[in-house]
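Asks: need a structure here:
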Amino acid sequence: MRLRIDGCDVSLDLPAGSTFGAVLAEAGRNVASQGRVVSRIVADGREVSTRFEREMADRPGGEIETVDVTTTTPDALLREALDGAIGLSLAIRRDAETILSTLRAGDLAAAGPRYEACIESLGTFFQLAGAVFNAIGTGVFPLAVRSASAEELPTPPDSTAGILQRLLRAQKASDWNAVAGILEGEILPNIDGWSTFFKALKETLH
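Replies: The predicted structure is shown next:
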């Protein structure tokens, strides 16, 4: 397997038959030793998402021809993640408000497709939100606070996973009144809380 990091070929000291997961772990350590973080992985022309990486972890590295790893600085990646999270939170809020309007009007046909897309976006958002918060907590994203102390930052919302599970249960039961109630009373406040948290973090980076 050919490994390239930022366009340069890299030889890793790994035993023959190492798995794809072992190769990526070693590549990650190589990147971290230079004070950088992995921002993108492409294996044989296919971008490797977090889920795809888990699925491929035990695959023999010899089955993959080329892996391209792109890196960036922790600060730049944090800024990118915050911008993405804030933008996605605003889009989800708009979709949720539209879904609420159509549900209250009794137009399930119009609400259905947008609701499915909104659920997918919520899953992506909550995964991103959790990853960013955990990365800050573990020091992957060192937070160099400038305009406020860390203690002054708002606390990120909790019970996110539980809210999404309740929403999916209500949908499965075709209880659209409950769906509307969870969207309005739980999802929107939760999204707003995360958005406020991310905006406050972004302010500290100026």
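Asks: Next, name the residue at the spatial heart of the protein.
Replies: Against the mean C-alpha coordinate of the chain, by Cα atoms, centre = their mean, the closest residue is Leu128 at 2.1 Å.
Asks: leaving aside the residues next to it on the chain, what's closest to that residue?
Replies: Closest residue to Leu128 apart from its sequence neighbours, by Cβ to Cβ, 6 or more residues apart in numbering: Ala85 at 5.4 Å. C-betas here are computed from N, CA, C, even on glycine.
Asks: State whether that neighbour and Ala131 are indeed in contact, as I suppose.
Replies: No. Judged on Cβ atoms under 8 Å, Ala85 makes no contact with Ala131 at a distance of 9.5 Å.
Asks: The two: who's more crowded?
Replies: Per other Cβ atoms under 10 Å, whichever of Ala85 and Ala131 has more neighbours is Ala85, with 23 against 15.
Asks: Now that one: which helix or strand?
Replies: If you go by DSSP states H and E, Ala85 is part of helix 74-104.
Asks: Which residues outside stretch 173-186 are in contact with it?
Replies: With contact meaning Cβ atoms under 8 Å, 6 or more residues apart in numbering, stretch 173-186 is reached by 96, 99-100, 103-104, 108, 111, 115, 163, 166-167, 170-171.
Asks: What about Gly130, how many residues nearby?
Replies: With other Cβ under 10 Å as criterion, Gly130 counts 14.
Asks: which one is it nearest to, not counting chain neighbours?
Replies: Distance criterion Cβ to Cβ, 6+ apart; nearest residue to Gly130, sequence neighbours excluded, is Thr160 at 7.4 Å.
Asks: so what's that neighbour up against?
Replies: Residues near Thr160 by Cβ under 8 Å, 6+ apart: 126, 129-130, 190, 194.
Asks: sorry, back to before: the helix holding Ala85 - what's its average pLDDT?
Replies: Helix 74-104 comes out with an average pLDDT of 91.
Asks: List the buried residues for stretch 13-31?
Replies: Residues of stretch 13-31 classed as buried: 14, 18-20, 22-24, 26-27, 30-31 (neighbour count, 16 or more other Cβ atoms under 10 Å).
Asks: Show me where this structure has its strands.
Replies: 2-5, 8-9, 37-43, 46-47, 66-72 (DSSP state E).
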